[in-house]
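Undergrad: Give me coordinates for this.
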Amino acid sequence: MKILIVDDHMNNNYMLESLFKGYGYEVITALNGKEALIKLQTEKVDLIFSDVLMPVMDGFTLCREIRKDEKLKHIPFIFYTATYTGTKDEEFAEKIGANAFLIKPAEPRDIIDTLERVIEQSKDESFEISATAEYEQEVQKLYSERLVRKLEQKMLETEQEALARKQAMKLLQRNERLLRATQRVSNLGGWEWEVACKKMYWTDQVYLIFDLDLNKYKGIEDRKMYELIMLCYNETDRKKIKSSFVNCHINAIPYSIEGWITTAKGNKKYICTVGSPITKKGKVTNVYGYFQDLTNRKYAEMKEHELNEQLSQAQKLITIGQLAGGVAHDFNNILTVIMGNAEIALSQISPDNPIKADIEEIMKAGKRASNLTKQLLSFSRKQIVKPEPILLNHILEDMTKMIRRLINENIEIELNCEEDLAFIKSDVVQMEQVILNLAINAGEAMPKGGKLTISLKNYIPDSAFYKEHPDIRPSKYVLLTISDTGIGMDEATQKSLFEPFFTTKSNQNGTGLGLVTVYRIIQSTSGYIKVKSAPGKGTTFLILIPATEEIPEVIPIEAPKPKVAGHLETVLVVEDDEAIRFLTSKAVTKLGYKVLTSVSGDDALIKIRHQELTPDLIISNVIMPGLNGIAFASEIKKYLPGVQIILMSGYSDNFLSQYGTITPDIYFLAKPFTRSELEEAIRKQLSLDT
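TA: Next up is the predicted model:
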């Protein structure tokens, strides 16, 4: 038995042919109704198995043509369709002479069962179709309805497909926009290299990253574009990237390289370039990669590193400051003993004694050492600032020898001080810091020698100066000028000169706080500081400090007050340092007082509580193990409300405020002190007249 399969899809023909041959049927095929009619002229078939929707001639028309043909109308006809699947379609198929109607896809067993049933039925049936005009008209109407419905369905499907395609296009365009936006936000430009055709593709962001004009360079030859990008890298990175790219597309080794570039417009950027291979069957077919602008991240990392360095430096300075404060405190204790004993020795010899001059030198050295400790305490912020009328030329004269020792011997120092220089109001130690800091900086700027010039003169700014500097109040000023003939500075350095932690020195040599301190000190005087410099032309600092009409208090030279013999009043000396305790006790005893001693506040408190001591005066150190002097004074007032107290320390009373409040009725005596200063303190606290 021979079956004719009619379907425009080769796959369907092949599937049905395989199925029918598997059941022993002979098969021929046609791709449309017209081709089927041609084959039927030469081929004898026993059954036609046809699709409906086909080009040239559809299945419905083929079925009608078969039933009209006297030679062919007896052949059973089965429709097998995925397009015309409605009940009306099946009814129309039956009306035009179809023996069966199957809807795709059908199970193979169902197809064979239908085939066998139709063959069996065809043995007893004849196919007579009325060819009246009414019949033809009705069939044509039904066919048109089926065709119109199918066309409408196809149009709807086409519209849906067009809408889906349009939505897919919109989605694709949206994704492309998102990709471009993502690349812009992340400063990332992608590229692809096709190994076989040696073709490179770039995204627009690549042009933007390297500052290449998109309108000018887009579409240029790949090799030229590649070279333009490579020109932005330094020679070392360029070789590294080229080598890595070749290694990637030959040996499938990915790479990631970061480095600085100079773009086509001269901008500095930090770029990461990445390449990754795509392989098929062990061979690289494509290389995908990107360039990413990480400049902002890099600057942020550099800033973070800088801040960490500054934090580390600040922590070191805090430690050094604490060390300096501790050294100064201990040194003040030692100076108290030295100067106190020297003063005692001086009081016990005749004016014409040959060792008198030696002892006086000890006293002078002690005072100079005391000034050094003030500088240490100032550095550690443990020394109180005491503005007072001072003459800068006197300070400069006293510091000249020190400056000469601190700078190179091949540097000439020239001092120009105007006579009748006005007073300024500032702290002596702070002004010494200003001059010393700037002088040392000047010396370091002249490693091969040069000239350091320090000038002082009275200065009254003109109207042009005030117009240029409206924040400076009109006044008379003292102008301090410190100039050197050193290496100088560029404008960028000058702009950052007074910023905290900014330094042109190495990390080992500079803290970046020296000029900040100078700036702060000058500001505290309501003064003004300006720098003039140029590379290779030296540096000049101009400092204006307001003049003051105040003059130092003239303390009349009085005849030495006669020592007042105490009336055996009890004085309790509380001091943890044995040498100072001994010196203080000795000095107080010589004044005629009964002296008791304690090594700490806790020890003194126990003696007063349990031994019922009632001293008239207590002289106590502040910083001691256990109970500090301020807390001890507060506690002792609960037991002895009327007792007089003198507190002494190598730290300033300003620093000591963290340990408590020194009330006005307590006298503060700063170490190192002389015997006469101790006597004065006792005299005031006990209200003794001379």
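
Undergrad: give the contact list for the closest residue to Leu392 other than its chain neighbours.
TA: Distance criterion C-beta to C-beta, 6 or more residues apart in numbering; nearest residue to Leu392, sequence neighbours excluded, is Leu456 at 5.4 Å. Where C-beta positions appear, they are placed from N, C-alpha and C, glycine not excepted. Shown in contact with Leu456 (C-beta atoms under 8 Å, 6 or more residues apart in numbering): 392-393, 396, 416-418, 421, 478-481.

Undergrad: phi, psi of Leu456?
TA: Here is the backbone geometry of Leu456 (degrees, to the nearest 10): phi -130, psi 130.

Undergrad: can you list the domains in this structure?
TA: Domain assignment for the chain by automatic domain parsing gives 2-129, 186-293, 385-548, 570-685.

Undergrad: Quick one: mean pLDDT for the last one?
TA: Read it as domain 570-685. Within the predicted structure, the mean pLDDT of domain 570-685 is 87.

Undergrad: Could you do the second one as well?
TA: Average pLDDT, domain 186-293: 90.

Undergrad: I'd say Tyr233 and Gly259 touch.
TA: Yes. In terms of C-beta atoms under 8 Å, Tyr233 counts as a neighbour of Gly259; the distance is 6.7 Å.

Undergrad: Which one's more surrounded, these two?
TA: When neighbours are counted by other C-beta atoms under 10 Å, Tyr233 comes out ahead of the other of Tyr233 and Gly259, with 21 against 16.

Undergrad: which stretch of helix or strand covers the closest residue to Ser475 other than its chain neighbours?
TA: Using C-beta to C-beta, 6+ apart and skipping the chain neighbours, the partner closest in space to Ser475 is Pro546 (4.9 Å). Of the helices and strands defined by DSSP states H and E, Pro546 is found in strand 539-548.

Undergrad: For that strand, list every residue counted as buried.
TA: Applying a neighbour-count criterion of 16 or more other C-beta atoms under 10 Å, the buried positions in strand 539-548 are 539-548.

Undergrad: what's the answer for stretch 628-644, then?
TA: For stretch 628-644, the buried set under the neighbour-count rule, 16+ other C-beta under 10 Å, comprises 628-636, 643-644.

Undergrad: Check the domains of the chain for me and report the most buried one.
TA: Most buried of those by mean neighbour count (mean count of other C-beta atoms under 10 Å) is domain 570-685; its value is a mean of 19.

Undergrad: Run the chain-centre distance for that one.
TA: Centroid displacement of domain 570-685 relative to its chain, using C-alpha atoms, centre = their mean, to the nearest Å, is 53 Å.

Undergrad: end-to-end on it?
TA: With C-alpha to C-alpha, to the nearest Å as the measure, domain 570-685 spans 13 Å from end to end.

Undergrad: can you check stretch 98-111 too?
TA: The first and final residues of stretch 98-111 sit 15 Å from each other (C-alpha to C-alpha).

Undergrad: what's the answer for stretch 287-306, then?
TA: Across stretch 287-306, first to last residue, C-alpha to C-alpha, it's 38 Å.

Undergrad: which ones are touching the residue nearest to Ser475?
TA: The contact partners of Pro546, taken as C-beta under 8 Å, 6+ apart, are 424-425, 473, 475-478, 525-527.

Undergrad: The same query, at a cut-off of 10 Å, please.
TA: If you count contacts by C-beta atoms under 10 Å, 6 or more residues apart in numbering, Pro546 has them with 422, 424-426, 472-473, 475-478, 525-528.

Undergrad: cool, and Asn410?
TA: Applying C-beta under 10 Å, 6+ apart, we find Asn410 in contact with 446-450.

Undergrad: now do 8 Å
TA: Applying C-beta under 8 Å, 6+ apart, we find Asn410 in contact with 448-450.

Undergrad: give me the beta-bridge partners of the residue nearest to Ser475?
TA: Note on Pro546: beta-bridge partners by DSSP bridges are Tyr477.

Undergrad: measure it to Ile460 for me?
TA: 11 Å (C-beta to C-beta, to the nearest Å).

Undergrad: Please enumerate the shared neighbours of these two.
TA: Applying C-beta under 8 Å, 6+ apart, one finds that Pro546 and Ile460 are jointly contacted by 476-477.

Undergrad: Enumerate every residue touching Ser526.
TA: Contacts for Ser526 were tallied using C-beta under 8 Å, 6+ apart; they are 473, 546.

Undergrad: does it count as helix, strand or coil?
TA: Taken by DSSP: H, G, I helix; E, B strand; the rest coil, the conformation at Ser526 corresponds to coil.

Undergrad: still on that earlier bit, sort out for me which of the contacts of Leu456 are in strands.
TA: 416-417, 478-481 (DSSP state E).

Undergrad: Could you export these as CSV, including pLDDT and distance to Asn267?
TA: Output for the ones in strands among the contacts of Leu456, formatted as CSV (pLDDT from 0 to 100; distance: C-beta to C-beta, whole Å):
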residue, pLDDT, distance to Asn267
Asn416, 92, 48
Cys417, 91, 52
Val478, 93, 48
Leu479, 92, 44
Leu480, 93, 43
Thr481, 93, 41
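
Undergrad: Quickly name whichever of those residues is closest to Gly190.
TA: Lowest distance from Gly190 to those (C-beta to C-beta) belongs to Thr481, with 60.6 Å.

Undergrad: Which residue, neighbours along the chain excluded, lies closest to the closest one?
TA: Computed as C-beta to C-beta, 6+ apart, the closest residue to Thr481 that is not its neighbour in sequence is Ser455, at 4.3 Å.

Undergrad: Report the contact partners of that neighbour.
TA: When contacts are counted by C-beta under 8 Å, 6+ apart, Ser455 is found next to 415-417, 479-481, 483.

Undergrad: average pLDDT across the strand or helix carrying it?
TA: When secondary structure is defined using DSSP H and E, the element that contains Ser455 is strand 450-459. For strand 450-459, mean pLDDT rounds to 93.

Undergrad: Angles on the backbone of Pro641, please.
TA: The phi and psi values for Pro641, taken as degrees, to the nearest 10, are phi -60, psi -30.

Undergrad: residue contacts, the residue positioned nearest the centre of the chain?
TA: In the chain, the residue lying closest to the centroid (C-alpha atoms, centre = their mean) is Ala300, at 3.6 Å. Shown in contact with Ala300 (C-beta under 8 Å, 6+ apart): no residues.

Undergrad: On the three-state scheme, it is what?
TA: Secondary structure of Ala300, reduced to three states by three-state DSSP: helix.

Undergrad: That one and Trp260: what is the separation?
TA: To Trp260, Ala300 is 15 Å away according to C-beta to C-beta.

Undergrad: Ok, which of the domains of the chain comes nearest Ala345?
TA: domain 570-685 (10.6 Å).

Undergrad: isn't Ala633 right next to Val643, touching?
TA: No. No contact is recorded between Ala633 and Val643 when judged using C-beta under 8 Å, the distance being 9.1 Å.

Undergrad: any residues in contact with both of those two?
TA: Common neighbours of Ala633 and Val643 (criterion: C-beta under 8 Å, 6+ apart): Ile618.

Undergrad: if I pick the closest residue to Pro535 other than its chain neighbours, what's in contact with it?
TA: Using C-beta to C-beta, 6+ apart and skipping the chain neighbours, the partner closest in space to Pro535 is Gly488 (4.8 Å). Applying C-beta under 8 Å, 6+ apart, one finds that Gly488 lies in contact with 445, 533-539.

Undergrad: quick check, Gly488 in a strand?
TA: No. Gly488: not assigned to a strand; according to three-state DSSP it is coil.

Undergrad: if we can go back for a sec, among the domains of the chain, single out whichever gets nearest to Ser350.
TA: Taking C-beta to C-beta as the criterion, domain 570-685 is the member of the domains of the chain that comes nearest to Ser350, at 18.3 Å.
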